[in-house]
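Peer 1: Sequence plus the predicted model coming up.
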Amino acid sequence: MAVISAAGLARTFQTRRGPVEAVRGIDLTVREGEILGFLGPNGAGKTTTLRMLTTLLAPTGGAATVAGHDLAADPAGVRRACGYVAQSGGVDAQISVREELVTQGRLYRLTKPQAIARAGELARELGLDELLDRKTSALSGGQRRRLDIAMALTHRPKVLFLDEPTTGLDPGSRADLWDLIRRLRDEHGTTVFLTTHYLDEADALSDRLVIVDRGVVVADGTPSALKLEHGGSIDASLQDTFLAITGRGPAPVDATPVAV
Ligand SMILES: Nc1ncnc2c1ncn2[C@@H]1O[C@H](COP(=O)(O)OP(=O)(O)OP(=O)(O)O)[C@@H](O)[C@H]1O
């Protein structure tokens, strides 16, 4: 069953230099419980698409539903169904992990006791137990990312959107986050829609990949199917496959290897 479905989803920004067609028409479906890797070169329209699917940005064309809720007709329903972790996390506030989680629960209209209980559950689930009384400004990058995900899971969303969740993390923290994402899907049936510039990550984590370029979908399939079709063999690297599809060279976001 499709939990996300988009048809011709588009966004044009009006700028002083004229219109920018950030997303020109995205067609895609994501099945329930799927981990979908949403890939594309810099500026392809990934973040803009994520912001539209989570109701943070109004489309200028097309339509989409998330968990059966129409973006335009029922944005509140979409928001209830979604958790969203934006690029590079939240602010470095002088409040504790516990306060951050409880405040998030209150924003979702939990009572104080409910918010405290939910903060405890999330901390256990995401391995933040020991860090509850630490100031969020004193967390490592990986810990901060786990807190961001915990906050996005407060209301038990059906779909979790992650925008470059492991950018800037060391290999150990990245591997921990991969395990966490798989566990969320396996134990809770959460559908995960993630963008990444790391092709090894996309390959290891995703059930299916959707590749966008210049605001449209240019390829859609399992990693193996895309390698076979565009890379020439099932043993092709995703890097070569990606280059064959987009014709664009790698654009590393930092020193971590195999990034586009
Ligand atoms: N608010 C805005 N006003 C004008 N142009 C914008 C705005 N937001 C995004 N764009 C442009 O839209 C295009 C798509 O941007 P978007 O951030 O969605 O790409 P992306 O695929 O997420 O890129 P990256 O991989 O670099 O994060 C880019 O050309 C960007 O400059």
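Peer 2: That came through, no problem. Quantities reported herein were computed from a predicted structural model and do not represent experimental measurements. Numbers count the residues shown, from 1 in each chain.

Peer 1: Name the residues of the stretch 151-260 of the chain found near the ligand, please.
Peer 2: Contact residues, the stretch 151-260 of the chain versus the ligand (C-beta under 6 Å from any ligand atom): none. Where C-beta positions appear, they are placed from N, C-alpha and C, glycine not excepted.

Peer 1: residue ranges of the strands in the stretch 151-260 of the chain, please?
Peer 2: Applying DSSP state E, counting those that start in this stretch to the stretch 151-260 of the chain gives strands spanning 159-163, 191-195, 208-213, 216-221.

Peer 1: Output the ones you listed in TSV; the columns should cover mean pLDDT and mean neighbour count.
Peer 2: Converted to TSV, those look like this (pLDDT from 0 to 100; neighbours: other C-beta atoms under 10 Å):
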stretch	mean pLDDT	mean neighbour count
strand 159-163	94	24
strand 191-195	96	25
strand 208-213	96	22
strand 216-221	96	17
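
Peer 1: Return the set of buried residues in the helix or strand where Ala115 lies.
Peer 2: For Ala115, the element it lies in under DSSP states H and E is helix 112-125. Residues of helix 112-125 classed as buried: 115, 118-120, 122-123, 125 (neighbour count, 16 or more other C-beta atoms under 10 Å).

Peer 1: Other residues contacting that helix?
Peer 2: 97-98, 101-106, 110, 128-129, 131-132, 150-151, 153-154 (C-beta atoms under 8 Å, 6 or more residues apart in numbering).

Peer 1: Could you count how many residues lie near Thr154?
Peer 2: Neighbours of Thr154 under the rule other C-beta atoms under 10 Å: 22.

Peer 1: Poorly predicted segments of the protein, please.
Peer 2: 88-92, 249-260 (pLDDT under 70).

Peer 1: which residue is nearest the middle of it?
Peer 2: Centroid-nearest residue in the chain: Leu162, 1.9 Å away (criterion: C-alpha atoms, centre = their mean).

Peer 1: bridging residues for that one?
Peer 2: Using DSSP bridges, the bridge partners assigned to Leu162 are Val85, Leu194.

Peer 1: hang on, it packs against Leu184?
Peer 2: No: Leu162 lies out of contact with Leu184 (C-beta atoms under 8 Å); the separation is 10.2 Å.

Peer 1: Pull up the overlap in contacts between the two.
Peer 2: By C-beta under 8 Å, 6+ apart, the residues touching both Leu162 and Leu184 are Val192.

Peer 1: okay, the angle between the helix or strand containing Arg145 and strand 159-163?
Peer 2: Arg145 belongs to helix 141-152 when assigned by DSSP H and E. Between helix 141-152 and strand 159-163, the angle comes out at 150 degrees (axes from the mean of the first three to the mean of the last three C-alpha atoms, to 10 degrees).

Peer 1: Distance from the chain centre to helix 141-152, please.
Peer 2: Centroid separation between helix 141-152 and its chain, computed with C-alpha atoms, centre = their mean, to the nearest Å, is 13 Å.

Peer 1: which secondary structure elements does it contact?
Peer 2: With contacts taken as 3 or more C-beta pairs under 8 Å, 6 or more residues apart in numbering; DSSP states H and E, helix 141-152 sits against strand 82-85, helix 97-107, helix 112-125, strand 159-163, helix 171-188.

Peer 1: So what touches the second one?
Peer 2: Here helix 97-107 makes contact (C-beta under 8 Å, 6+ apart) with 90, 93, 95, 112, 114-116, 118-119, 122-123, 128, 131-134, 136, 139, 147, 150-151, 154.

Peer 1: Just the buried residues of it, please?
Peer 2: Buried, per 16+ other C-beta under 10 Å, within helix 97-107: 97-102, 104-105.
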